[in-house]
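S.K.: structure of the sequence below:
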Amino acid sequence: MIKKIFKFLKALVVGTIWTVIFAYLAENIMIYLWNFDILNTRDWQVIDAFWESGGKIKTGKDYIFIFMLLSLIPLWFWGWRYFYRVNFIKVLLFPITWYNNRMIKKYGENTKRIVLKNMGTTKNKPNMEEIIEKRLKESTKPREKETGKIRQSIHEKISASEQK
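M.R.: You can find the predicted model right below:
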């Protein structure tokens, strides 16, 4: 339940921020290229009057203009979906990782480094099977002595009772 709430809040925040950024960029691009403000109703009324009076699309610039108007909504949805999938922890940590990678590249690229591997001697290092066998032998030695004493005492009692 809480995961769904967090996903909804993330979608809401990402959608809001993306909508503001997208509207700003789309408006500036359309004003720069065609002197058309997508957020101004007067510009939309000019297009409506053009179509009502029998206007026709004649040049390539007109086709690109219509294509841009029709592609605004799919681009907006695509951008929302794309930025919803972005890992924001990586985005927030980007300056730190960028600086770290820069320092590694700056100071670690041309230096001679010594990489120490397998520190320690391998000749004296016992195998795990040898350690287990050694412990088993040590733990069974006292038992063999005890069991041997018990057997000996039972054997003596049996032989003493047979002699009587």
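
S.K.: quick one: mean pLDDT over the lengthiest helix in the chain.
M.R.: Of all the segments of type helix in the chain, defined by DSSP state H, the longest one is helix 128-163. Averaging pLDDT along helix 128-163 gives 76.

S.K.: what's the answer for stretch 13-30, then?
M.R.: Throughout stretch 13-30, pLDDT has a mean value of 95.

S.K.: re earlier: ok now the longest helix of the chain, how far from the chain's centre?
M.R.: Distance, stretch centre to chain centre, for helix 128-163: 60 Å (Cα atoms, centre = their mean, to the nearest Å).

S.K.: check stretch 19-29 too.
M.R.: 30 Å.

S.K.: cool, and stretch 19-38?
M.R.: So, by Cα atoms, centre = their mean, the centroid of stretch 19-38 is 34 Å from its chain's centroid.

S.K.: can you show me the helices along this structure?
M.R.: Using DSSP H, the helices of the chain run over 2-34, 41-52, 60-85, 88-92, 94-108, 128-163.

S.K.: let's have these in CSV, adding mean neighbour count.
M.R.: Placement of C-beta: from N, CA and C, glycine included. Output for the helices of the chain, formatted as CSV (neighbours: other Cβ atoms under 10 Å):
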stretch, mean neighbour count
helix 2-34, 12
helix 41-52, 11
helix 60-85, 13
helix 88-92, 9
helix 94-108, 10
helix 128-163, 9
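
S.K.: list phi and psi for the residue nearest the centre of the chain.
M.R.: Of all residues in the chain, the one closest to the mean position by Cα atoms, centre = their mean is residue 87, 7.4 Å from it. Main-chain dihedrals, residue 87, degrees, to the nearest 10: phi -80, psi 110.

S.K.: per-residue pLDDT, it?
M.R.: 89.

S.K.: please apply the same query to residue 60.
M.R.: 89.

S.K.: residue 101 now?
M.R.: pLDDT, residue 101: 89.

S.K.: what's the answer for residue 110, then?
M.R.: 67.

S.K.: how about residue 116?
M.R.: 67.

S.K.: what's in contact with stretch 18-25?
M.R.: Contacts to stretch 18-25, defined as Cβ atoms under 8 Å, 6 or more residues apart in numbering, come from residues 38-39, 75-76, 79-80, 83.

S.K.: which one of these is nearest residue 105?
M.R.: Among these, residue 83 lies closest to residue 105 (Cβ to Cβ), at 28.8 Å.
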